[in-house]
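Asks: Next comes the sequence, and after it the predicted model I'd like to discuss.
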Amino acid sequence: MAAQASDVIDLRAVVRKILRRWWWFAITGLIAGGLGVAYLKTTPKTYMVSARMLMGEGDRGFGGRQEDFLKGMSLVRGNSQLEDDIALLTSRSMMVKTLNRLDFGVSYYTTKRYLTQEQYSFPPFRVQLDSVSVQVTGIPIHVKVDRGTGTYRVTAKGKNVMLYNVQKQEIVEAYVPEYDLDQTVPIGEPFVGNHLSFRIEFPEDREYSPETDYFFKINSLDAQVMNYGGRLSVSEPDDNGHVISLSMAGSSPSKDIAFINTLMDAFIESALYKQQQKGLRTIDFIDDQLGLVGDSLRRAENEMQQVRSSTSMFNVVGTADALAQERSRLENERSSIQRRRSYCISVLDKIRSQSDMRNVPAPSSSGIDDPVLNNLVLEITRLSSDLAARTGTTGVKNDPTTIAMERKLKNLTQSLEQTAASLVERAEIDYNEITSRVNSIGYQLGQIPREERELGIKQRKLDLSGGLYNYLMEKKAEAGIAIASDQVDKSVVDQARSIGGAIGPDKKVVLGGALLIGLLLPALLIVLLDFFNDRINDLDELKRLTALPVLAVIPSSKRRRITPDEPKSLLAESFRTARINLQYLKANAPRQVIGLTSGTSGEGKTFCAVNLATVLAVSGKRVLLIDADMRRPNVNRSMELPDGPGLSTWLIGEADIAGITVHTDVPGLDVIGAGPIPPNPGELAESPRMGELMATLRQRYDHIVVDSSPLGLVSEFVVLMGHLDVTLYVVRERYTRRGSLRTVNELVKSGQLGRVDVLFNNVRADRNNGYGYYTK
């Protein structure tokens with residue numbers, strides 16, 4: 001007979017187990033639902049606050065306006081400019097600047113009926129911290145006001161409480177392991193306690209309910225930055241847009257509105273300040289140049305006056321005048337080339353010496369109208385300033401935003417170096433060419449009388465200095481006008497406001513989730529218990545694990561034996577079923593010698609052997625019960641018989657069959673006990689006398705029931721298998737492990753075991769298996 005076992009999870013069995021424990025789901029569902037309601041009652045509502053901000057109106061990409069003096073010219077702006085602006089907007093330095101403008105250092109709360117809410121717009125009192133003292137931070141400081149006695153009581157508790165220097169806005173290294181404060185102070189008097197010092201103002205018209213808990217928290221600057229920086233969300237516009245959205249979810253919408261509005265104002269003011277600083281640096285550069293050009297102009301005027309007073313030539317005409325004008329034009333052009341060359345060389349020197357690029361003046365301020373060079377310089381100075389501000393405030397140099405800004409600055413600097421080097425090379429070529437032309441004109445002028453040439457030279461020098469002076473004054477005026485009327489391309493589109501009603505906690509989600517968890521937890525527990533439980537729990541599981549026929553299901557019983565006075569008891573009926581099935585199922589198969597075994601001890605093997613033998617004897621058969629478990633004999637004790645000679649005595653040849661056979665109080669039932677426990681039960685079982693004994697007993701009895709040793713522990717049963725007609729394998733509910741059935745299945749499949757039936761023992765009686773009928 002083949003036996004097949006399956007260890008896959010039986011979903012129907014799991015469902016039945018779940019249904020049998022329906023009350024688990026009822027209890028956990030009620031508990032989870034109650035917790036969900038409690039969560040809704042004790043959790044503050046969350047609101048979404050949103051605002052919109054314009055981050056630039058200029059062209060995005062190359063090719064901006066050349067007339068945008070001191071305003072970046074938009075040549076290398078691109079999409080990265082928006083990313084840089086967002087990085088600065090959400091940077092720690094901007095958060096610190098915003099929070100320093102707001103009075104968020106102390107937060108006020110009330111707790112009523114387990115619901116805690118922050119009171120930002122209408123706090124129950126006002127606390128003014130002593131900035132000189134070090135204060136505890138991060139723990140609730142409870143205040144109980146007693147108008148009757150004119151006092152207020154301050155209490156606070158906490159472990160590992162951090163200390164905060166209010167004046168320096170930083171956490172000190174020391175902390176308090178166990179903080180416990182309880183102190184009462186008259187109203188109007190300042191409070192001075194353990195690491196806590198402040199003045200508190202109570203509004204005269206404010207009533208304080210004893211059922212409400214009032215408290216406040218001292219917030220460190222770092223904690224505020226982490227709080228608002230972590231909750232602030234910035235969404236970028238599409239490719240063609242310039243408007244970003246700022247949003248924040250929290251339980252105090254009015255406080256979040258104040259923060260976002262202040263953040264936008266601070267960012268715009270910061271951008272305007274940086275832009276004005278660029279103009280001021282340009283004016284300083286022009287002033288320096290004006291000082292040098294002014295001196296040259298005064299010297300030229302004095303020299304011109306001296307020449308005019310010493311000669312009668314006041315009008316230069318003809319060829320000398322034309323040549324002089326051409327040379328003046330060329331010298332002006334050469335001077336312009338020299339300025340461009342000098343400027344580019346100074347830029348290259350700064351780049352190659354890795355100097356600070358924030359103070360490089362714009363090329364346009366030196367009369368250089370190269371748009372690419374102008375915009376590269378302005379973009380590098382802006383990015384250098386932003387990077388210095390970010391790293392100088394945060395002290396962090398390896399975050400993704402800082403790394404991206406540094407990479408961009410490096411690329412721009414390389415482009416500037418290449419552009420400046422190219423301009424220097426071109427300027428040298430142009431300078432040499434113009435110098436050659438000036439020398440040629442100078443040779444021609446050498447042929448003109450000395451007085452005429454001298455007057456022309458002084459006039460040209462005067463014109464050159466005057467033109468350059470006027471040009472610089474014009475640029476200074478333009479810079480001053482730009483600063484006075486300057487506006488950044490960033491503005492607030494929509495002030496922060498609360499969007500709709502509360503967004504959380506969602507009542508449907510919370511209650512639905514709580515109910516779902518309440519249903520899933522017991523189901524998961526049942527599945528896990530079933531998965532990790534390797535014992536056989538019911539008849540369905542037994543049938544799923546083996547194809548061996550189940551001879552009978554033996555109910556759980558406190559009795560050790562079937563008694564004749566209760567022939568219709570549940571226990572007697574189950575063994576009577578086993579006898580009938582044993583006799584009439586496969587009636588042609590031999591069934592005289594019946595051996596009982598199990599996977600291990602404690603599964604009721606002896607219990608089943610005793611009661612099966614009893615039922616067979618009650619049916620009128622001559623039955624012999626042999627205790628073949630010579631290691632742990634239990635038959636005599638179960639039958640309430642005294643110990644004496646038995647199977648081991650026969651096997652060693654010290655007794656005959658009559659000397660080891662005991663008659664019982666059950667008619668037709670005899671017992672051969674195990675006898676004294678031998679030192680070598682395995683070798684005795686292999687003795688030829690065992691075969692002689694079984695052959696003799698087969699002739700005297702209708703049925704021989706052999707209570708053998710467990711199959712999985714010792715080898716005696718393997719020896720006894722040759723003397724058995726049928727083997728009954730005892731499986732105990734919720735005790736026998738699944739692995740023991742695999743052993744039996746393999747033995748049957750390999751042919752080492754013949755006919756094997758299963759007795760399912762110690763099964764609990766319930767309404768699902770039909771045993772309740774017999775117990776009524």
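Replies: Received, thanks. All values reported here derive from a predicted model rather than from experimental measurement.
Asks: that's a helix at residue 377, yeah?
Replies: Yes - with the criterion set as DSSP: H, G, I helix; E, B strand; the rest coil, the secondary structure at residue 377 is a helix.
Asks: residues in contact with stretch 401-420?
Replies: By CB atoms under 8 Å, 6 or more residues apart in numbering, the surrounding residues in contact with stretch 401-420 are 76, 80, 83-84, 87, 91, 344-345, 347-348, 351-352, 357, 372-373, 376-377, 379-380, 383-384, 386-387, 390-391, 396. For glycine as for every other residue, the C-beta is placed from the backbone atoms N, C-alpha and C.
Asks: List only those of those residues flagged as buried.
Replies: Using 16 or more other CB atoms under 10 Å as the burial test, the contacts of stretch 401-420 include 76, 84, 87, 91, 344, 347-348, 351, 357, 372-373, 376-377, 379-380, 383-384, 386-387, 390-391 as buried.
Asks: Residue 460 contacts residue 326, doesn't it?
Replies: No - under the criterion of CB atoms under 8 Å, residue 460 makes no contact with residue 326, lying 10.2 Å away.
Asks: Keep only those of the contacts of stretch 401-420 that are in helices.
Replies: Among those, DSSP state H puts 80, 83-84, 87, 344-345, 347-348, 351-352, 372-373, 376-377, 379-380, 383-384, 386-387, 390-391 in helices.
Asks: Tell me the gap between the helix ranked longest in the chain and the middle of its chain.
Replies: If you go by DSSP H, the chain has its longest helix at helix 253-310. Distance of helix 253-310 from its chain centroid, counting by CA atoms, centre = their mean, to the nearest Å, is 50 Å.
Asks: Also stretch 108-126?
Replies: 30 Å.
Asks: What are the boundaries of the strands in the stretch 601-750 of the chain?
Replies: Using DSSP state E, counting those that start in this stretch, the strands of the stretch 601-750 of the chain run over 623-627, 661-663, 669-672, 703-707, 726-732.
Asks: and the first one, what's its mean pLDDT?
Replies: Spelled out, it's strand 623-627. Strand 623-627 shows an average pLDDT of 94 in the prediction.
Asks: how distant is it from the center of its chain?
Replies: Taking mean C-alpha positions (CA atoms, centre = their mean), strand 623-627 and its chain are 69 Å apart.
Asks: so how far does stretch 525-545 reach from one end to the other?
Replies: Counting by CA to CA, to the nearest Å, you get 22 Å between the two ends of stretch 525-545.
Asks: So which residues make contact with that stretch?
Replies: Contacts of stretch 525-545 (CB under 8 Å, 6+ apart): 5-7, 9-10, 12-14, 16-18, 21, 24, 550, 553, 731-739, 741-742, 758, 760, 763, 769.
Asks: Can you list which of the residues you listed are found in helices?
Replies: Residues of the contacts of stretch 525-545 located in helices (DSSP H): 12, 13, 14, 16, 17, 18, 24, 738, 739, 741, 742.
Asks: okay, among the residues you listed, which ones form the most distant pair?
Replies: Greatest spatial distance among those (CB to CB): 24 and 742, at 30.9 Å.
Asks: picking up where we left off before, among the contacts of stretch 525-545, which ones are buried?
Replies: Buried subset of the contacts of stretch 525-545 (neighbour count, 16+ other CB under 10 Å): 5, 10, 17-18, 24, 550, 553, 731-733, 735-738, 741-742, 758, 760, 763.
Asks: out of the ones in helices among the contacts of stretch 525-545, who's nearest residue 613?
Replies: For these, the closest approach to residue 613 (CB to CB) belongs to residue 741, at 24.9 Å.
Asks: the strands in the stretch 51-200 of the chain, which residues?
Replies: With strands called from DSSP E, counting those that start in this stretch, the stretch 51-200 of the chain shows them at 106-112, 115-118, 126-129, 134-137, 141-146, 151-165, 170-186, 191-193, 196-201.
Asks: Now do the longest one: distance to the chain's middle.
Replies: Its chain's C-alpha centre lies 32 Å from the corresponding centre of strand 170-186 when counted by CA atoms, centre = their mean.
Asks: Sheet-wise, list the partners of it with their directions.
Replies: Sheet pairing of strand 170-186 (DSSP bridges) gives strand 151-165 (antiparallel).
Asks: list the buried ones in the partner strand?
Replies: Using 16+ other CB under 10 Å as the test for burial, strand 151-165 gives 152, 154, 156, 158, 161, 162, 163, 164, 165.
Asks: so the fifth one sits right up against residue 136, yeah?
Replies: Yes - counting by CB under 8 Å, a contact exists between residue 161 and residue 136, whose distance comes to 5.1 Å.
Asks: any residues in contact with both of those two?
Replies: By the contact definition CB under 8 Å, 6+ apart, residue 161 and residue 136 are jointly contacted by 176, 179, 195.
Asks: Kindly present the residues you listed as a markdown table, with separate columns for neighbour count and distance to residue 121.
Replies: Formatted as a markdown table, these follow (neighbours: other CB atoms under 10 Å; distance: CB to CB, whole Å):
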| residue | neighbour count | distance to residue 121 |
| --- | --- | --- |
| 176 | 17 | 32 |
| 179 | 19 | 30 |
| 195 | 19 | 29 |
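Asks: Nearest to residue 470, out of the residues you listed: which one, please.
Replies: Comparing the shared contacts of residue 161 and residue 136 against residue 470 with CB to CB places residue 195 closest, at 67.8 Å.
Asks: Lovely, talk soon.
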